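Visitor: Build the 3D model from these lines:
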Amino acid sequence: MTKRKILFLSSNSPVSTGSYRIWVKDLSFYFAQLGVSCKIGTEKDIPNYDIIIYSKGSSPKKIPKKIVGLINPEAGMVYNVDFIITGSIEEKDSLSVNKNVFIFPLIEKLFELKQTKVHEDKDVIRLGFHGHYPHLSKFEPNLKLALEEFSKDKKIELLLIHGTPSFNWQYGKPKIKTLFKSWNYNNIVDQLYSCDIGLCPNATPIKDYPLNYSMDRGLYKTDYAIRFKNKSNAGRAFVFHQLGIPVIADLTPSHMHILGNPDNGYIAMSKNGWLEALECLSCHKHRQFIADNARKEFNRLYNPLDWAQKLYTSITKIK
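Guide: Okay, the predicted model is just below:
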């Protein structure tokens with residue numbers, strides 16, 4: 001059977017933007033590896049292609065005799081397309097009012113097949129955060145408190161890598177040594193290699209539970225009450241896994257696929273949960289053990305060609 005030809009429509013190509021790197025640049029590469037004819041082009045190319053995929057932020061339109069898709073749109077709307085590409089189970093469900101919502105995880109080609117970090121005993125342990133700066137607010141309150149307590153016994157520093165140098169971090173900022181590096185495509189790998197532990201906070205604890213406690217309704221004082229974006233995903237953790245850096249992440253569902261196994265890393269939400277994980281990873285030999293396990297599991301679960309093949313097969317089944 002002849003493979004369908006795919007056209008990605010992207011009005012611009014900012015390599016610093018994750019949605020373009022992963023779902024346009026990288027995904028088109030993986031499709032090509034599968035023998036699918038792909039191009040990142042413009043509307044003038046539409047007649048020559050069977051499947052048209054609009055990039056994130058585009059305004060898609062139905063095109064006669066073409067299968068039309070849209071990448072990573074906002075939730076809460078019905079889109080006039082044949083399929084939608086998302087990056088996580090959280091996002092897929094939030095868009096389920098639409099038909100044919102598919103997942104292609106946030107697998108970054110930039111970090112594929114890199115050398116695994118070799119962990120050594122160090123006087124100062126560097127903790128790393130990378131990603132969009134609003135996630136920094138999720139250090140409040142428990143990760144912030146854990147880092148401050150951890151710093152009483154260990155020499156630590158926190159490296160922040162994000163793309164907004166003007167951001168003045170206040171909410172959730174711990175009282176420890178903090179360094180900032182601007183996200184840069186050309187040196188992001190080296191910057192991340194300098195980290196010993198990756199931190200991936202995402203969810204927000206809700207201090208005041210919105211419902212009364214009720215045994216009949218199964219509501220208890222010990223319940224977790226957290227909120228997280230519909231676009232939550234494990235992409236920031238994936239990068240650390242790929243490079244061989246052990247991860248501590250919160251209870252966001254997508255984090256559990258790898259970190260649900262304690263041999264692969266740590267899940268924390270409370271102050272003591274974060275602190276215990278930090279203390280365990282203060283041993284460089286244990287950091288190596290966790291990082292090697294997580295990288296192996298990531299490679300098993302997130303082979304990009306496998307996911308690209310699943311996505312292509314799903315799209316071509318659309319009538």
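Visitor: my read: residue 204 touches residue 229, true?
Guide: No. In this structure residue 204 lies outside contact range of residue 229 using C-beta atoms under 8 Å: 9.4 Å. To be clear about C-beta, it is placed using only N, CA and C from the backbone, and glycine gets the same treatment.
Visitor: quick one, domains of the chain?
Guide: With domains defined by automatic domain parsing, the chain comprises 6-107+303-316, 111-300.
Visitor: can you put the ones you listed in TSV and add mean neighbour count and mean pLDDT?
Guide: Formatted as TSV, those follow (neighbours: other C-beta atoms under 10 Å; pLDDT from 0 to 100):
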stretch	mean neighbour count	mean pLDDT
domain 6-107+303-316	17	94
domain 111-300	17	94
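Visitor: Quick check: closest non-adjacent residue to residue 307.
Guide: residue 104 (5.6 Å; C-beta to C-beta, 6 or more residues apart in numbering).
Visitor: Just list the residues touching that neighbour, thanks.
Guide: Shown in contact with residue 104 (C-beta atoms under 8 Å, 6 or more residues apart in numbering): 22-23, 27, 85-87, 307-308, 311.
Visitor: got a list of what the most centrally placed residue in the chain touches?
Guide: Residue closest to the average C-alpha location in the chain (C-alpha atoms, centre = their mean): residue 235, at 1.6 Å. By C-beta under 8 Å, 6+ apart, residue 235 lies in contact with 18, 22, 87, 105-106, 108, 131.
Visitor: Greatest separation within those: which pair is it?
Guide: 105 and 131 (15.5 Å; C-beta to C-beta).
Visitor: coming back round to it: out of the contacts of residue 104, the closest to residue 34 would be?
Guide: The closest of those, once distances to residue 34 are taken by C-beta to C-beta, is residue 308, at 6.1 Å.
Visitor: Look up how far residue 257 lies from the closest one.
Guide: Distance from residue 308 to residue 257, counting by C-beta to C-beta, to the nearest Å: 18 Å.
Visitor: rewinding a little: columns secondary structure on top of the contacts of residue 104, output as a markdown table?
Guide: Converted to a markdown table, the contacts of residue 104 look like this (DSSP: H, G, I helix; E, B strand; the rest coil):
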| residue | secondary structure |
| --- | --- |
| 22 | helix |
| 23 | helix |
| 27 | helix |
| 85 | strand |
| 86 | strand |
| 87 | coil |
| 307 | helix |
| 308 | helix |
| 311 | helix |
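Visitor: out of those, which one sits closest to residue 298?
Guide: Of the contacts of residue 104, the one sitting nearest to residue 298 (C-beta to C-beta) turns out to be residue 307, at 12.3 Å.
Visitor: Strands of the stretch 201-319 of the chain, residue ranges please.
Guide: 204-205, 226-227, 247-249, 266-267 (DSSP state E, counting those that start in this stretch).
Visitor: could I get the ones you listed as JSON lines with distance to residue 171?
Guide: Formatted as JSON lines, the strands of the stretch 201-319 of the chain follow (distance: least, C-beta to C-beta, whole Å):
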{"stretch": "strand 204-205", "distance to residue 171": "11"}
{"stretch": "strand 226-227", "distance to residue 171": "16"}
{"stretch": "strand 247-249", "distance to residue 171": "20"}
{"stretch": "strand 266-267", "distance to residue 171": "23"}
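Visitor: so which of those strands gets nearest residue 153?
Guide: Closest approach to residue 153 among the strands of the stretch 201-319 of the chain (C-beta to C-beta): strand 247-249, 17.0 Å.
Visitor: what's the distance between the closest one and the middle of its chain?
Guide: The chain centroid and the centroid of strand 247-249 are separated by 12 Å under C-alpha atoms, centre = their mean, to the nearest Å.
Visitor: now stretch 306-315
Guide: 20 Å.
Visitor: Same question for stretch 42-51.
Guide: 30 Å.
Visitor: Helices of the chain, start to end?
Guide: Under the criterion DSSP state H, the chain contains helices at 18-20, 27-33, 89-94, 142-150, 188-193, 235-243, 256-259, 271-280, 284-301, 304-316.
Visitor: that older thread, among the strands of the stretch 201-319 of the chain, which comes closest to residue 240?
Guide: Nearest to residue 240, of the strands of the stretch 201-319 of the chain and by C-beta to C-beta, is strand 247-249 at 4.8 Å.
Visitor: circling back: which one of the contacts of residue 104 sits closest to residue 216?
Guide: residue 86 (36.4 Å).
Visitor: What's the separation between the closest residue to that closest one other than its chain neighbours and residue 111?
Guide: In this structure, residue 86 finds its nearest non-sequential neighbour in residue 92, 4.9 Å apart by C-beta to C-beta, 6+ apart. Residue 92 is 23 Å from residue 111, where distance means C-beta to C-beta.
Visitor: cool, residue 59 as well?
Guide: Counting by C-beta to C-beta - residue 59 and residue 111 are separated by 31 Å.
Visitor: Which neighbouring residues are in contact with residue 193, exactly?
Guide: Taking C-beta under 8 Å, 6+ apart as the test, what residue 193 contacts is 117, 243, 245.
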